[in-house]
Structures are given as structure tokens and as C-alpha cells.
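Student: following is a predicted model, sequence given first.
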Amino acid sequence: MTTTPVTIRGYRPADREALHEICIRTGFQGGDATGRFREPAILPTIFAEPYAALEPELVFVADDGDGVLGYIVGTADSVRYYADFRERWLPTVADRFPAPAAGVGEPADPDEDLRNLLHHVELMLVPEIAAEYPAHLHIDLLPPGQGRGLGRRLMTTFLDALRSRGVPGVHLGMSPANTGARAFYDRLGFAPLIEGGDAPTNYLGLRL
């Protein structure tokens, strides 16, 4: 049995639909988010597509010639990125995903929680982490692309791009329940920055 060679390459505008689909199909603790949300399209609207719009030079995909199997997206400067998200990206999608009504307490469900995050994206910025690890990333692979070393190849390409820009460190946030992903990051040398307790997100960092 032969495996089709996979190329790690830079993002092209024609890849946007693939980013959209892959983000949804891997958007629930690494598994398919279809059926988990009323509007699963909000996931790539927050976690994939804005990177392609705002910092496409730091978006890379794994392409087997028949299509994209996975991607890595990110930014070299999280503070600047979230400012650009609010100023340049949010106005293009706000009407499609309106903010929850103000003053109604906690979000009613996961969809409302995500819409709140879309309209207050700065909630994802942890200043004390961004000061030392200014870059951040998201990486996703479809099942046919997993277990083939593509995640490491995508990470290597992305981290090399950060190093070429003189970025001192990179961080990421992940669900504590995603133990498979945690093992992957541990092997790459990421160290815990914030974890434990009741926090819904663990933060890991890597010095470059």
C-alpha cells in the first residue's frame, strides 16, 4: 500500500473553503463539531479564516494533491492580531453572527458563548503570556492526515517562519480534555504556562 506524498506549502486563497471545513470537522476537542452547534460555521470564523485574511503569510497547509488534509494558522504578534481582528475582521462577519443580548447573564449555550467570544476576541489574550510568548497558533488535521508526521511538519514550517521574524516565543490554548493533542505538544517541547483548577483552557508555551 502506498501513501500519496504530502506537500507542506503556503496558503492560497483557494484554500479558504478547506480551512472552513477542516476547522468544523476537528472543532470539538479534535473531533467533528458538526451537530454540536446550531451554527458550526462560527468556529472557522473565529479560529481559522481570520488568520488567512489578516496574516496569510503564517498560514500553511498539508496538501496531498487531491486536497488539503490539514493546516496551521497563527500570528507573530497576538496583541496586534486581536486589535486587527476587532478593527478589520469583525465588521465583515458581525451581521452574520450578532452578539448576544447584553445584560442577560451567562451565555445560554455553546453557540452564544462563541458569538460572545467573536465580539470580544480580546478575551483570548492573556497579557502576561503574550509578553514573553507573543505568537500563537491553531493546528488541525483531518483523520486521513493524522499519524503521518504531518502535524510535526506543519509545526516545523510555522516555527521556522516565526524564528525568521525574530519572534521570541509562541503559545497556544487547548482544552484539558484533548489529551492526544497535549501529548503531541509535549513531544515538541511545549511547556505548561497556565493549567489546572477549573480553567476551561490550558496554555502551553515554547521559547524560540
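Tutor: Everything's here; your move.

Student: any idea which helix or strand comes after the worst-scoring helix or strand of the chain on mean pLDDT?
Tutor: In the chain, the helix or strand scored least confidently by mean pLDDT, DSSP states H and E is helix 179-188, which has a mean of 90. Per DSSP states H and E, the first helix or strand lying C-terminal to helix 179-188 is strand 191-194.

Student: check contacts around the residue lying closest to Ala135 once chain neighbours are set aside.
Tutor: Closest residue to Ala135 apart from its sequence neighbours, by C-beta to C-beta, 6 or more residues apart in numbering: Val170 at 3.9 Å. C-beta here means a position set from N, CA and C on the backbone, and glycine is covered the same way. Going by C-beta atoms under 8 Å, 6 or more residues apart in numbering, Val170 touches 74, 133-137, 159, 162, 205-206, 208.

Student: now name the helix or strand holding the residue nearest the centre of the chain.
Tutor: The centre of the chain sits closest to His138, judged by C-alpha atoms, centre = their mean, with a distance of 2.6 Å. Secondary structure assignment for His138, by DSSP H and E: strand 135-141.

Student: with just CA atoms, put the next helix-or-strand element following that strand into PDB.
Tutor: Where DSSP H and E defines the elements, the next helix or strand beyond strand 135-141 is helix 150-164. The C-alpha coordinates for helix 150-164 follow below in PDB (Å, rounded to 0.1, in the frame of the first residue of the first chain):
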ATOM      1  CA  LEU A 150       2.200  16.000   9.100                       C
ATOM      2  CA  GLY A 151       1.500  17.800  12.400                       C
ATOM      3  CA  ARG A 152       5.200  17.900  13.100                       C
ATOM      4  CA  ARG A 153       5.900  19.100   9.600                       C
ATOM      5  CA  LEU A 154       3.400  21.800   9.800                       C
ATOM      6  CA  MET A 155       4.700  22.900  13.200                       C
ATOM      7  CA  THR A 156       8.300  22.900  12.000                       C
ATOM      8  CA  THR A 157       7.400  25.100   9.000                       C
ATOM      9  CA  PHE A 158       5.400  27.500  11.200                       C
ATOM     10  CA  LEU A 159       8.000  27.800  13.900                       C
ATOM     11  CA  ASP A 160      10.800  28.300  11.300                       C
ATOM     12  CA  ALA A 161       8.700  31.200   9.900                       C
ATOM     13  CA  LEU A 162       8.500  32.700  13.400                       C
ATOM     14  CA  ARG A 163      12.200  32.300  14.000                       C
ATOM     15  CA  SER A 164      13.000  34.100  10.700                       C
END
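
Student: residue ranges with poor pLDDT in this protein?
Tutor: Residues of the chain that meet the criterion pLDDT under 70 lie in 1-3, 102-108, 196-199.

Student: please enumerate the helices of it.
Tutor: Counting by DSSP state H, the chain has these helices, from start to end: 16-25, 42-47, 49-54, 78-84, 90-93, 110-119, 127-130, 150-164, 179-188.

Student: so which of those gets nearest Gly35?
Tutor: helix 16-25 (10.2 Å; C-beta to C-beta).

Student: helices or strands up against that closest one?
Tutor: If you count contacts as 3 or more C-beta pairs under 8 Å, 6 or more residues apart in numbering; DSSP states H and E, helix 16-25 packs onto helix 42-47, helix 49-54, strand 68-75, strand 135-141.
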